[in-house]
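In: I'll drop the sequence and a predicted model, then ask my questions.
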There are 2 protein chains.
Amino acid sequence: MTSIPPETLAELEAEITARHKTLSKRLRQVAHFMIERPKEVAFGTVAIIARDADVPPSTLVRFANAFGFQGFSDMQKLFRAKLVEETPSYNERVRLARKHSQTSQHTSPMELLEEFTTSNMVAMEQLIKEVNTNDLEKAVSIIYCAQATHIVGFRRSFVVACYFAYALRHIDQRAFLIDGVGGLYREQATTLSKNDALIAISFKPYATETQDTIMSKPNGVPLIVITDSQLSPLTQYADVCFVVKEAEVRSFRSLTASLCLAQTIAIGLAYRVEEELNGSSQ
Amino acid sequence: MTSIPPETLAELEAEITARHKTLSKRLRQVAHFMIERPKEVAFGTVAIIARDADVPPSTLVRFANAFGFQGFSDMQKLFRAKLVEETPSYNERVRLARKHSQTSQHTSPMELLEEFTTSNMVAMEQLIKEVNTNDLEKAVSIIYCAQATHIVGFRRSFVVACYFAYALRHIDQRAFLIDGVGGLYREQATTLSKNDALIAISFKPYATETQDTIMSKPNGVPLIVITDSQLSPLTQYADVCFVVKEAEVRSFRSLTASLCLAQTIAIGLAYRVEEELNGSSQ
DNA sequence: CTGGAAATGAAATAAGTATTTCATTATAAA
DNA sequence: TTTATAATGAAATACTTATTTCATTTCCAG
């Protein structure tokens, strides 16, 4: 109980992490709160924090004691100190990174991270500007009406395809990922039935496999395309086509915008399903 | 005295500036302190702030009253709020988006897209704030020194794992994706050799397979972890651990921040390789 | 089961803090 | 200079908040 207390929040967090397993049920609950919501801890009163962490106030004091502090307030100081010292606002960090990248020819990972996050944010803003409401509604409708949805995408696009399949399954939609294992993508594509739908994702350099898959699908199966250019070889076959401009940093392209779009379609679908259920039951 | 008080710190600061000249000597002294040392005001007690601003405690209360607040504590809230909200602009937008979508019972896909993009932007800002330079450098070094890198992640994390593998191969690094086909993840993990590295990605609810994989790796193989909480079961085994807070909209989590981090590490590695080559050839 | 130790939570108590009061001092107008 | 008014600060008070206590429950080891 009278062991030496941690002197920084980082130290405390390390100790909490290390001892997490050995703590009692309630103390573990507090541990969670400390790690997950440090800002609330920094400002809150014992009563408020106790309420939000769903423990009695005394448990907070016990927790502090268990980590060597005199009392809760003593521990809280660490949380406050952290908040005071580090508030390098986003803008400040951008400025620092920029300055640094100009003075040294060495490209540090932190600079890269700054560039990627910034570019991705720009891409997000673009996405919302350029995506059309009708297309979005239509895409949702297509999947909603389909008995099953097949998704195809290779190389970089595979990541998006994979996520799409995950998201759809997550909301209880039948989703099949055409992964081309053993080069059998054509065969996988022929398993599509008339009432299914196909989602194809393809970026430069457009994998021919994706195009092949589309060509092999039965007539009448609706196609949703996510690609990076109006001139992509896929656009002409699409019932709905999303042209997504991804962030590009040092000739490397992101996928965040496409992922965000996929997520939106999936959740939009979830709401559609829910609404139709409620609507028809009344 | 009972005028309407400012509602944000910015408003208060504006008012202080405007009325600065008309204030009495002591109140002006307080005004100075409020403007110059807002962080101390946010955390300090009346007694401490009074001491540091070299005025009696009562003057602080008078100052607060003069600007329309009930008391000092009331005014202090503004200072605290400022410190809590990390990204006022985007948080505001998220809040507005949420509010808007609550007024109508129908949730349109476009509204969802607005929410997702906004939340993802916030997540990007958080990412750059919370990722530590040293960790980033260390992660790059680990992969740089490894003969081959193995990547493991199941369910949602699989998408990130997949992208990581893609990105590493793209820059000519040997990367193996532990996909657990046929439940053989343990066997896949045992193929790691001493000089390899392992990257593990795991989010709630932490798949036990990932943990199993880690446990099966040979001793001494360095481990890089990407997860969503300091208390994740993986952190304790990690040589480098990134805790990434993903955007969450309507209880659906994104992956954009993790993807961005993966991208950064991969490209950071590419630069490292390039720099080492140039360095040694001179 | 059963006894004993640890954990828990409600309530009492202690500590700390903000606010108000009021006597005193400075300021400005007549 | 005088007087009315505003400003000021030390100390008392009222409040809030942290901490401790103790009766009760839970959890194990025997």
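Out: On my side now, so go ahead.

In: indicate the residue of the stretch 1-150 of chain A located nearest to chain B.
Out: Going by CB to the nearest CB, chain B is nearest to A:Pro109 of the stretch 1-150 of chain A, at 3.5 Å. To be clear about C-beta, it is placed using only N, CA and C from the backbone, and glycine gets the same treatment.

In: leaving out sequence neighbours, find the closest residue to that residue.
Out: Nearest residue to A:Pro109 in three dimensions, chain neighbours excluded: B:Gly268, at 3.5 Å (CB to CB, 6 or more residues apart in numbering or on different chains).

In: can you check A:Glu125 too?
Out: Closest residue to A:Glu125 apart from its sequence neighbours, by CB to CB, 6+ apart: B:Thr117 at 7.1 Å.

In: the one you found: how many residues sit nearby?
Out: 29 (other CB atoms under 10 Å in any protein chain shown).

In: what helix or strand is it on?
Out: helix B:109-130 (DSSP states H and E).

In: buried sites along that helix?
Out: By neighbour count on 16 or more other CB atoms under 10 Å in any protein chain shown, the buried set for helix B:109-130 is B:109-129.

In: pretty sure A:Thr133 contacts B:Leu112?
Out: No: here A:Thr133 does not reach B:Leu112: they are 11.2 Å apart, not a contact under CB atoms under 8 Å.

In: and the helices in the stretch 1-150 of chain A, which stretches?
Out: Remark: helices assigned in the stretch 1-150 of chain A by DSSP state H, counting those that start in this stretch are A:9-19, A:25-36, A:38-43, A:46-53, A:57-66, A:72-85, A:90-103, A:109-130, A:133-145.

In: any part of the fourth one near DNA strand D?
Out: When you say that, I think you mean helix A:46-53. Yes: Helix A:46-53 comes into contact with DNA strand D (CB under 7 Å from any atom of the strand), by way of A:46-47.

In: that helix packs against which elements?
Out: Contact partners of helix A:46-53 among helices and strands, from 3 or more CB pairs under 8 Å, 6 or more residues apart in numbering or on different chains; DSSP states H and E: helix A:25-36, helix A:38-43, helix A:57-66.

In: quick check: A:Val225 is in a strand.
Out: Yes: checked against DSSP: H, G, I helix; E, B strand; the rest coil, A:Val225 lies within a strand.

In: ok, and the closest non-adjacent residue to it?
Out: By the measure of CB to CB, 6+ apart, the closest residue to A:Val225 outside its immediate chain neighbours is A:Ala238, 3.9 Å from it.

In: how many residues are close by the one you found?
Out: 19.

In: that one reaches A:Val221, doesn't it?
Out: No: in this structure A:Ala238 lies outside contact range of A:Val221 using CB under 8 Å: 11.9 Å.

In: what residues sit buried inside whichever strand or helix holds A:Tyr271?
Out: Using DSSP H and E, A:Tyr271 maps to helix A:256-281. Neighbour-count burial for helix A:256-281, counted by 16+ other CB under 10 Å, picks out A:256-273.

In: now it and helix A:133-145, what's the angle there?
Out: 60 degrees (axes from the mean of the first three to the mean of the last three CA atoms, to 10 degrees).

In: other SSEs contacting helix A:256-281?
Out: Contact analysis of helix A:256-281 by 3+ CB pairs under 8 Å, 6+ apart lists helix A:109-130, helix A:133-145, helix A:156-170, strand A:223-227, helix B:109-130, helix B:256-281 as its packing neighbours.

In: got the contact list for A:Tyr271?
Out: When contacts are counted by CB atoms under 8 Å, 6 or more residues apart in numbering or on different chains, A:Tyr271 touches B:107, B:112.

In: try it again with 6 Å
Out: By CB atoms under 6 Å, 6 or more residues apart in numbering or on different chains, A:Tyr271 lies in contact with B:Thr107.

In: distance check, it against B:Asp135.
Out: 38 Å (CB to CB, to the nearest Å).

In: likewise for A:Val181?
Out: A:Val181 is 35 Å from B:Asp135, by CB to CB.

In: mind checking which of those two has more residues around it?
Out: More crowded of A:Val181 and B:Asp135, by other CB under 10 Å: B:Asp135, with 18 against 10.

In: I figured that one hits B:Ala238, correct?
Out: No: contact criterion CB atoms under 6 Å: B:Asp135 and B:Ala238 do not qualify, at 9.8 Å.

In: identify the contacts common to the two.
Out: In contact with both B:Asp135 and B:Ala238: no residue, using CB under 6 Å, 6+ apart.

In: the closest residue to DNA strand D within chain A: neighbour count?
Out: Using CB to the nearest atom of the strand, the point where chain A gets nearest to DNA strand D is A:Gly71, with a distance of 2.0 Å. Taking other CB under 10 Å as the criterion, the count of residues near A:Gly71 is 12.

In: over to A:Ser58?
Out: For A:Ser58, the neighbour count with other CB under 10 Å is 12.

In: tell me the pLDDT of it.
Out: pLDDT recorded at A:Ser58 is 92.

In: next up, the contacts around it.
Out: With contacts defined as CB under 6 Å, 6+ apart, A:Ser58 is in contact with no residue.

In: do A:Leu12 as well
Out: Here A:Leu12 is in contact with A:6, A:78 (criterion: CB under 6 Å, 6+ apart).

In: okay, it: pLDDT?
Out: 90.

In: can you check A:Val244 too?
Out: So, for A:Val244, pLDDT stands at 95.
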